[in-house]
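**Student:** structure for this input, please:
(chains A and B)
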Number of protein chains: 2
Amino acid sequence: MTLPSKILEEAVEQLASLPGVGKRSALRYALFLMNEDESKVRDLSEALMHLKTHLHHCRHCHNVSDTEVCPICSSEKRQRGIICVVENVQDVMAVENTQQYRGLYHVLGGVISPIDGIGVGDLEIASLIRRVQTGDPAPVEEVILALPTTMEGDTTNYYINKQLQPLGVKITTLARGVAVGDSLDYTDEITLGRSIAHRIPFEG
Amino acid sequence: MTLPSKILEEAVEQLASLPGVGKRSALRYALFLMNEDESKVRDLSEALMHLKTHLHHCRHCHNVSDTEVCPICSSEKRQRGIICVVENVQDVMAVENTQQYRGLYHVLGGVISPIDGIGVGDLEIASLIRRVQTGDPAPVEEVILALPTTMEGDTTNYYINKQLQPLGVKITTLARGVAVGDSLDYTDEITLGRSIAHRIPFEG
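**Tutor:** Numbers count the residues shown, from 1 in each chain, chains lettered A, B, ... in the order given. Got it, this is the predicted structure:
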């Protein structure tokens, strides 16, 4: 793709570095912005810079936050003895959207994946262990492992479990099973198998 | 979707205003940028501002350009008597990529579309007529209408043709037919019909 302008080329190249954005989409975005008001493009440009300059990771749970300690960690209304361990910020939002969970979180920032060069040291695992050891900001009774059921997620679960076992904290994981509304013949056999193995009392 | 931060929310909202970008993709972009180097985000942010502050539309053909007159319009090697009329910048790039066309361009910036509120005055049609009338930057012998074959494209073709007819310039349009490599049974009937109606001598 030969672009008619160096400035356009630079913008397209930068936009195409966003995850899942190809050159063609990047060009579409750039030409769209070119025809927008200058104030609008300035707002976008500044909002992106603010991500780097004004946005924090919460000191305790490492979720994104406008403040040093996020609203969830500083809330006295949450069950402060329970920590839900998730891969990323989107997963916190997914659990919050259920409105079924009132505990705290711990965002690892990924899962152990040697193939992508992500080791234990690249993740917020040490800080999780420290939270349980020191009881700061609150004494921990239960850690819920809510990582994805992939090989990498399982490896990370295994590692964290091994580290937490000696500390005597209760360790749980999400129930896996047939999704609400799904029919059995469209459910994969591993999920259905787990649903049967971990069957629960019927609530009549 | 409830975001854990106002700053993140602002960035997501701005990114989601790009064409075809939803909230979920915008969040993905924002979190990606948050984890990038500050210099990288600054480069992106500046490249976007440059689109507004440094990028021009060519004075003659209205294609995007780093200079007041674009390289195509200022080239003495092009056939300066032929103007190819296209809808947008991407179409210039598409024609240039064929390496079959050596004339100049005229970018309308859209097509007449009352339903989208785009009228003759919103497009670079008057400037096209003026180019033909005045012969500036070069006397025009032929205008090639290369607009999309949609109702809006046809309306625009019709309007431009009506304006140019009295000026005695040659007006042509792109050949429509079965695409190279396409099989007949997968070609729509209108295209195939035009291919037959406008059949050309066989070159043995």
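
**Student:** contacts for the strand or helix carrying A:E46?
**Tutor:** Per DSSP states H and E: A:E46 is located in helix A:38-53. Residues from elsewhere that reach helix A:38-53 (Cβ atoms under 8 Å, 6 or more residues apart in numbering or on different chains): A:33, B:7-8, B:10-11, B:13-15, B:17, B:30, B:33-34, B:36, B:38, B:41-42, B:44-46, B:48-49, B:51-53. The C-beta positions use only the backbone N, C-alpha and C, and glycine is treated the same way.

**Student:** I only care about the residues you listed that end up buried; give me the ChimeraX line for that.
**Tutor:** Command for ChimeraX that selects the buried part of the contacts of helix A:38-53, burial taken from 16 or more other Cβ atoms under 10 Å in any protein chain shown:
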select /A:33 /B:7,8,10,11,13,14,15,30,33,34,36,41,42,44,45,48,49,51,52
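
**Student:** tell me which strands and helices the longest strand seen in chain A is in contact with?
**Tutor:** In chain A, taking DSSP state E as the definition, the longest strand is strand A:79-86. Here strand A:79-86 touches helix A:89-98, strand A:103-107, helix A:125-134, strand A:142-145, going by 3 or more Cβ pairs under 8 Å, 6 or more residues apart in numbering or on different chains; DSSP states H and E.

**Student:** tell me which of these lies nearest to chain B.
**Tutor:** For chain B, the closest of the helices and strands packed on strand A:79-86 is helix A:89-98, at 5.9 Å, according to Cβ to the nearest Cβ.

**Student:** so is that closest one next to chain B?
**Tutor:** Yes: judged by Cβ under 8 Å from any Cβ of the partner chain, helix A:89-98 comes into contact with chain B through A:89-90, A:92-93, A:96-97.

**Student:** contacts for that helix next, please.
**Tutor:** A:63-64, A:84, A:86, A:101, A:105, A:107, A:146, B:1-4, B:27, B:31.

**Student:** and for stretch A:68-81?
**Tutor:** Residues outside stretch A:68-81 that contact it (Cβ under 8 Å, 6+ apart) are A:56, A:58-61, A:63-65, A:67, A:102-105, A:137-142, B:4.

**Student:** got a quick ChimeraX command for the buried subset of those residues?
**Tutor:** Buried members of the contacts of stretch A:68-81, identified by 16+ other Cβ under 10 Å, are gathered into one ChimeraX selection as follows:
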select /A:56,58,60,61,63,64,65,103,104,105,138,140 /B:4
